[in-house]
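K.L.:
based on what follows, work out the 3D shape:
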Amino acid sequence: MLRTYLEERKDTSGECFLCAKTREFERIYIEEMASCIEIDPTMLDEYSRSRSILCRRHYEMLLSHLDGVLRAKLKEIQLKKLKKILHNLSEYTEYIRKQDYRVEEALTYDEARAWLDAIIFLKGERISTNIYSREEVREKHRRRRRLFLF
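P.N.:
You can find the predicted model right below:
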């Protein structure tokens, strides 16, 4: 099978077809998102209220497609979200203190995942972790159930 694959291989460019398609779709999604924001600027308000954060790469891509007021608003929202993450990270001594078995005060969801949010923003990938909100766990289970319903 490998010999047949190698003999029939026509493309010698060295670029992965799926990687190229992924970049193409990524560009399309960013352009569509920018277009939707221009049509309905309240999308930025929804983004502002959400827990999600655009990774650095997608943020910069989206920013390059927006002009004027919308661009400034996205910058303001992203900066606010990043400052919140930084604040939660700077409270790391508090995080360590709350890990002590003698301390009754529990970690907040935001404190527990601040390190992960920083990595997601800087790297742009979700890494495997066991930190999920109750809503995320419930949604995960709902999706799994839907996959197996006939």
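K.L.:
which residues in the chain form helices?
P.N.:
Applying DSSP state H to the chain gives helices spanning 2-8, 17-39, 42-49, 56-63, 68-90, 92-99, 109-123, 134-147.
K.L.:
any chance of those in a markdown table with mean neighbour count and mean pLDDT as columns?
P.N.:
All C-beta atoms are positioned from the backbone trio N, CA, C, and that covers glycine. Output for the helices of the chain, formatted as a markdown table (neighbours: other C-beta atoms under 10 Å; pLDDT from 0 to 100):
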| stretch | mean neighbour count | mean pLDDT |
| --- | --- | --- |
| helix 2-8 | 7 | 70 |
| helix 17-39 | 12 | 91 |
| helix 42-49 | 13 | 92 |
| helix 56-63 | 16 | 92 |
| helix 68-90 | 15 | 89 |
| helix 92-99 | 12 | 70 |
| helix 109-123 | 17 | 77 |
| helix 134-147 | 10 | 69 |
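K.L.:
and Cys36, what does it touch?
P.N.:
If a contact means C-beta atoms under 8 Å, 6 or more residues apart in numbering, then Cys36 has Met43 as its contacts.
K.L.:
how far away is it from His65?
P.N.:
11 Å (C-beta to C-beta, to the nearest Å).
K.L.:
likewise Arg142?
P.N.:
Applying C-beta to C-beta, one obtains 33 Å for the distance of Arg142 from His65.
K.L.:
now do the phi/psi pair for Ile53.
P.N.:
Reported as degrees, to the nearest 10, the phi and psi values for Ile53 are phi -140, psi 140.
K.L.:
OK, contacts around it?
P.N.:
Contacts for Ile53 (C-beta under 8 Å, 6+ apart) come out as 78, 81-82, 85, 117, 120-121.
K.L.:
at 10 Å what do you get?
P.N.:
With contacts taken as C-beta atoms under 10 Å, 6 or more residues apart in numbering, Ile53 has the following neighbours: 47, 59, 77-78, 81-82, 84-85, 117-118, 120-121.
K.L.:
Ile37 now?
P.N.:
Applying C-beta under 10 Å, 6+ apart, we find Ile37 in contact with 43-44, 47, 62, 65-66, 70-71, 73-74.
K.L.:
for Arg97, which non-adjacent residue is closest in space?
P.N.:
If the residues on either side of it in the chain are set aside, Arg97 comes closest to Val103, at 6.1 Å by C-beta to C-beta, 6 or more residues apart in numbering.
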